[in-house]
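**Student:** Curious how this folds, go ahead:
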Amino acid sequence: MKQLFVFIRKEFYHVFRDRRTLLILFGMPIVQIILFGYALSSEVKNIGITVLDNSHDIQSEQIISKIRSSSYFRMQEPSLKYPDIERQFREGNIKCAVIFPVNFGSDLYTASGAQIRIIADASDPNTANILTNYLNAMIADYQQQLNPNIKPSYQIIPEMRQLYNEEQNGSLNFIPGVIALIFMIVSTALTSVAVVREKELGTMEILLVSPFKPVMVLVAKAIPYLVLSLVNFIIILLLSVYLLHVEIRGSLVLLFAESILFIITCLSLGLLISNITNSQQTAMLISMMGMMLPTLLLTGFMFPVENMPIIFQVISRILPSRYYYDIVKAVMLKGLGFRYVWKETLILLIMSVGLLALALKKFKIRLS
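**Tutor:** Below is the predicted model:
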């Protein structure tokens, strides 16, 4: 054990002396969590909109005031005629336009009712649908306020509730996926160069002739990155709670235990990559590019896995990050316990043991 602790201390020295490693270990996670939490939000906000008011009555002014006060839209200069709307669409200043017809206010109280024309830029169909839904909801709310006591026959009023995200916090969709992405990239990438570095520095001969067993070499290589990854996880949780206002609903102990298991899985994968490559550049390329794109695309936090072809759904089940993402969502966001995530935990445990055994088998005790 004394030899093991000495070797672990040596690995810590390697980490703290390498500024690039520290940048990857602590800089990348902080940048990613802030970037995904703030910049890459699925919410539609501050969309340019213009209004062509041909009615100029109190009703149209009230609707315009509701649109102007909404955080979803950014009101541009009012349009005086149709060519003004076309010009703003072409210039990219607006994504949506609202047109009030003449006598809009008086038509509200007729049998046929009043009409409002909504024009949206459908070059991005999803955004166009979201914008029209926002405006329809605003108009329906205004109409309800205008005639609160008038309820037509056979009216169906749906009552909606947003489970696990009542405040509609867009960060909740990204935080679990970003945590899985950070661990998958950082833990795998850093350990993937651990053994290769010894080969390139010419210190592998010393390790091979030492009384240190191969399994102890791998364990000593992995422990410093396990400790530092846990420190990273604490920083990510603090940023999520206090900066992005994400509430941790489940057990912190379970979340830490699952994260340790996932980190061990990533470290085992990194050690396997390190044992089958001969240069740090190759190991880093495989771990960074080979893990980042599949984790981004096939984990499920950016694109629904259910919508993908069968072949990609099968590939996604090979990724450890897929199961950790489901675990974090269940524990952190839904407040569920171990009985709901035991299957994913078992899969991660099997992957971890299998990868570590394979890394040990591929560890070469001879240089040639």
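**Student:** need the longest helix for the chain.
**Tutor:** Residue-count comparison of every helix in the chain, with assignments taken from DSSP state H, identifies helix 214-242 as the longest.
**Student:** Mind listing what's buried along that one?
**Tutor:** 214, 217-226, 228-229, 232-233, 236-237, 239-240 (16 or more other CB atoms under 10 Å). Just so you know, the C-beta spots here come from the backbone N, C-alpha and C atoms, and that holds for glycine as well.
**Student:** distance of the residue most central in space within the chain from residue 180?
**Tutor:** Taking CA atoms, centre = their mean, the centroid of the chain lies closest to residue 174, which sits 2.5 Å from it. With distances defined as CB to CB, to the nearest Å, the gap from residue 174 to residue 180 amounts to 11 Å.
**Student:** shared neighbours, those two?
**Tutor:** residue 301 (CB atoms under 8 Å, 6 or more residues apart in numbering).
**Student:** how about whichever helix or strand comes after the longest helix of the chain: buried residues?
**Tutor:** Using DSSP states H and E, the helix or strand that follows helix 214-242 towards the C-terminus is helix 252-276. Judged by neighbour count using 16+ other CB under 10 Å, the buried positions of helix 252-276 are 254-255, 258-259, 261-276.
**Student:** how far off helix 252-276 does the helix or strand that helix 252-276 is followed by point, in degrees?
**Tutor:** Where DSSP H and E defines the elements, the next helix or strand beyond helix 252-276 is helix 280-298. With axes from the mean of the first three to the mean of the last three CA atoms, to 10 degrees as the criterion, the two stretches helix 280-298 and helix 252-276 enclose an angle of 140 degrees.
**Student:** 498 is where my numbering starts, stick with that
**Tutor:** Okay, using 498 as the starting number, the last item reads as helix 777-795.
**Student:** Tell me which residues are up against helix 777-795.
**Tutor:** Around helix 777-795, the neighbours that count as contacts under CB under 8 Å, 6+ apart are 677-678, 681-682, 685-686, 689-690, 693-694, 697, 766-767, 770-771, 774, 799-800, 802, 805, 809, 812-813, 816, 818-819.
**Student:** Show me just the buried residues among these.
**Tutor:** 677-678, 681-682, 685-686, 689-690, 693-694, 766-767, 770-771, 774, 799, 802, 805, 812-813, 816, 818-819.
**Student:** where does the protein have its least confident helix or strand?
**Tutor:** Of the helices and strands making up the chain, the lowest-confidence element is helix 701-706, at a mean of 67, by mean pLDDT, DSSP states H and E.
**Student:** got the contact list for residue 693?
**Tutor:** Residues counted as contacts of residue 693 (CB under 8 Å, 6+ apart) are 771, 774, 775, 776, 777, 779, 780.
**Student:** ok so, going back, what's the mean pLDDT across the longest helix of the chain?
**Tutor:** When pLDDT is averaged along helix 711-739, the result is 84.
**Student:** And it, what does it pack against?
**Tutor:** Counting contacts by 3 or more CB pairs under 8 Å, 6 or more residues apart in numbering; DSSP states H and E, helix 711-739 is packed against helix 499-514, helix 525-531, helix 672-679, helix 685-689, helix 691-698, helix 749-773, helix 839-859.
**Student:** Dump those helices into TSV; add mean pLDDT and distance to residue 579 as well.
**Tutor:** TSV is the format used below for those (pLDDT from 0 to 100; distance: least, CB to CB, whole Å):
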stretch	mean pLDDT	distance to residue 579
helix 499-514	73	64
helix 525-531	72	43
helix 672-679	84	44
helix 685-689	81	55
helix 691-698	74	65
helix 749-773	91	56
helix 839-859	91	56
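**Student:** so where do the helices sit in the stretch 498-647 of the chain?
**Tutor:** Listed in chain order, the helices of the stretch 498-647 of the chain (DSSP state H, counting those that start in this stretch) span residues 499-514, 516-519, 525-531, 555-566, 579-588, 601-604, 622-643.
**Student:** Could I have the CA atoms of stretch 753-766 written out in PDB?
**Tutor:** Coordinates of each C-alpha in stretch 753-766 appear next as PDB, following Å, rounded to 0.1, in the frame of the first residue of the first chain:
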ATOM      1  CA  PHE A 753     -22.700  10.900  -5.900                       C
ATOM      2  CA  ALA A 754     -22.600   7.100  -5.800                       C
ATOM      3  CA  GLU A 755     -24.000   6.900  -9.400                       C
ATOM      4  CA  SER A 756     -21.500   9.600 -10.500                       C
ATOM      5  CA  ILE A 757     -18.600   7.700  -9.000                       C
ATOM      6  CA  LEU A 758     -19.700   4.600 -10.800                       C
ATOM      7  CA  PHE A 759     -19.900   6.500 -14.100                       C
ATOM      8  CA  ILE A 760     -16.500   8.100 -13.600                       C
ATOM      9  CA  ILE A 761     -15.000   4.700 -13.000                       C
ATOM     10  CA  THR A 762     -16.500   3.500 -16.200                       C
ATOM     11  CA  CYS A 763     -15.100   6.500 -18.100                       C
ATOM     12  CA  LEU A 764     -11.700   6.000 -16.500                       C
ATOM     13  CA  SER A 765     -11.700   2.300 -17.400                       C
ATOM     14  CA  LEU A 766     -12.500   3.200 -21.000                       C
END
